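S.K.: A predicted structure for the sequence below; I have some questions about it.
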Amino acid sequence: MPNNYFNTLPLREQLAQLAKCRFMDISEFPDGVEALKGKKIVVIGCGAQGLAQGMNLRDSGCDVSYTLRAAAIAEKRQSWKSATENGFVVGTYEELIPTADVVLNLTPDKQHTAVVNAIMPLMKQGACLSYSHGFNIVEEGMKIREDLTVIMVAPKCPGSEVRNEYVRGFGVPTLIAVHEDNDPKGEGLALAKAYAVGTGGHKAGVLMSSFIAEVKSDLMGEQTILCGMLQTGSLLCFDKMIEEGVDAGYASKLIQFGWETVTEALKYGGVTNMLDRLSNPAKIKAFDLSEELKLIMRPLYNKHQDDIIDGTFSRTMMEDWANDDVNLLGWRAETAETAFEKTPAGDVEISEQEYFDHGILMVAMVKAGVELAFETMTAAGIVADSAYYESLHETPLIANTIARKKLYEMNATISDTAEYGCYLYNHACLPLLADFMKDIKTDVIGRGLAVDDNGVDNARLIEVNAALRAHPVEAIGTTLRGHMADMKKIV
Ligand SMILES: NC(=O)C1=CN([C@@H]2O[C@H](COP(=O)(O)OP(=O)(O)OC[C@H]3O[C@@H](n4cnc5c(N)ncnc54)[C@H](OP(=O)(O)O)[C@@H]3O)[C@@H](O)[C@H]2O)C=CC1
Ligand SMILES: CC[C@](O)(C(C)=O)C(=O)O
Ligand SMILES: [Mg+2]
Ligand SMILES: [Mg+2]
């Protein structure tokens, strides 16, 4: 059984690592990709992150090629097609790994131990090994050859958006770290910074953090608000609308594109702006619903964070790995059979404002999920900047994937680790919200509030506006969004 590295550390070291996080100003990247110039970068795997990061790095002037497992090359699998059709050199481990100065391990987390064990003997003396998620180091205690530098450059975003944002001329927030046990030449930070520039991350914001803080926050965000909450919310809202007689095509479209539309407002102006898009009575309704949701769901968020911190989550997921992914594959098949997933979006016009007015419950779910995830992460010692990226900032980026092809697309685009955690949350959250959903009517999902009484109590409105603005996620959000002035509009 793998050795959980985090659990071997003394408490004070665990707390120090969890709290490691510093926002890097754009002025700290004056050398751009210079540290990677003249270096040969070999990417292992050409999936969601592999293709996107490789393309961005190449467009930034780096020398990038791909190595794939032999069977993927022989059978000309999708990964081989993606790399070759995009004009990259592709070779076996034996052909390319010995030539690499920097190896980017962008295979699924489940494969990391086997992949790293296979490539380590082939790696050049003093080369660099990089990850985009630290599971293998933190949760499995992987030991890397002492002469190798080990870094992490983790985009806080699905691979598709890593590429899309770069093409739009921006980037996605990125967390970088150097594994302190493996920095023999002291060059880890320079390499990680150059790599973050090469993917465009520095334009959106780079956090200098630790492998531990990345793992414990990344797992929490993806399981709860980012993917779990959007999946649970989609299923509950769709089923409720059908039960209440809303046209199925309309309901399907409202949800498929609704998350993207309402969270676009979140991206620009936080929870406050998202709720400000509602009429005054609708805003108060969304606020009250979200308070109720937070009360019901808080124990679930705490459980996810506790299980992530003490290793229960990684142990159980690794048991599923050892059991041929029976749970993951079963949950994936189950999701494909849900009514929401099987009902195509109708050919109906829904205006941008209507997504808010008819999606009050969706707005409430996003608010509750973002705030709970942020509160739970920061209570566990994760720094607010990182908790912001893992809750509020990334939610719209995941919502974009649902707009493309519903939950299938979201779960195909995110990592298998995120997908497993998403289903885990969904399974616990659906029954938890069953009673709450019994009282839900189409005024808050599907049809909107009646407009004849648009009045509100002044005192209550002032109270709600003040509470929205006082939440700590709004303060850090305002600061971090200040560094994202060049962010491009999507909706
Ligand atoms: N998905 C995302 O958006 C994000 C992922 N990450 C992290 O990035 C890393 C990559 O994840 P992701 O992009 O989702 O992965 P994918 O599942 O999309 O891609 C995996 C790639 O690895 C190859 N691969 C699979 N198994 C093996 C193996 N045993 N040996 C060699 N190659 C293999 C696959 O090709 P083939 O099967 O053809 O060999 C494929 O090209 C993970 O650490 C993940 O946590 C971080 C942030 C976001
Ligand atoms: C969605 C979760 C994520 O961590 C990510 C895209 O950031 C992943 O593992 O896919
Ligand atoms: Mg992530
Ligand atoms: Mg992840």
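M.R.: Thanks, I have the structure now. Ligands and ions are numbered 1, 2, ... in the order given.

S.K.: so where's the longest helix in this structure?
M.R.: As assigned by DSSP state H, the longest helix anywhere in the chain is helix 280-310.

S.K.: state the mean pLDDT of it.
M.R.: If you average the pLDDT over helix 280-310, you get 98.

S.K.: so residue 448 sits in a helix?
M.R.: No: secondary structure of residue 448 (DSSP: H, G, I helix; E, B strand; the rest coil): coil, not part of a helix.

S.K.: how many neighbours does it have?
M.R.: For residue 448, the neighbour count with other CB atoms under 10 Å is 18. Any C-beta I mention is one placed from the backbone N, CA and C, and that applies to glycine too.

S.K.: residue 87 too?
M.R.: For residue 87, the neighbour count with other CB under 10 Å is 8.

S.K.: so it, which of the three states?
M.R.: coil.

S.K.: now for it: which residues touch it?
M.R.: Under the criterion of CB atoms under 8 Å, 6 or more residues apart in numbering, residue 87 has no neighbours.

S.K.: what's around the residue in the stretch 301-450 of the chain positioned nearest to ligand 1, how many residues?
M.R.: Shortest the stretch 301-450 of the chain-to-ligand 1 distance, computed as CB to the nearest ligand atom: residue-wise this is residue 415, at 3.7 Å. For residue 415, the neighbour count with other CB under 10 Å is 21.

S.K.: give me the pLDDT for it.
M.R.: Residue 415 is assigned a pLDDT of 95 by the prediction.

S.K.: likewise for the one 3 residues further on?
M.R.: For residue 418, the pLDDT comes out at 97.

S.K.: show me the contacts for the residue nearest to it when sequence neighbours are not counted.
M.R.: Nearest residue to residue 418, sequence neighbours excluded (CB to CB, 6 or more residues apart in numbering): residue 222, at 3.8 Å. Residues touching residue 222, when contacts are defined by CB under 8 Å, 6+ apart, comprise 228, 390, 414, 415, 417, 418, 421, 422.

S.K.: distance check, residue 222 against residue 420.
M.R.: 9 Å (CB to CB, to the nearest Å).

S.K.: just residue 184 next, same as before
M.R.: 34 Å.

S.K.: of those two, who's got more company?
M.R.: Ranked by neighbour count (other CB under 10 Å), residue 184 and residue 420 place residue 420 first, with 27 against 14.

S.K.: in terms of helices and strands, where is the residue of the stretch 1-150 of the chain found nearest ligand 2?
M.R.: Ligand 2 sits closest to residue 133 of the stretch 1-150 of the chain, with a gap of 6.2 Å, by CB to the nearest ligand atom. Taking DSSP states H and E as the definition, one finds residue 133 inside no helix or strand.

S.K.: surely it touches residue 218?
M.R.: Yes: the pair formed by residue 133 and residue 218 meets the contact definition of CB atoms under 8 Å, at 6.1 Å.

S.K.: how far off centre is whichever helix or strand comes after the longest helix of the chain?
M.R.: Per DSSP H and E, the first helix or strand lying C-terminal to helix 280-310 is helix 312-322. Helix 312-322 sits 20 Å away from the centroid of its parent chain (CA atoms, centre = their mean, to the nearest Å).
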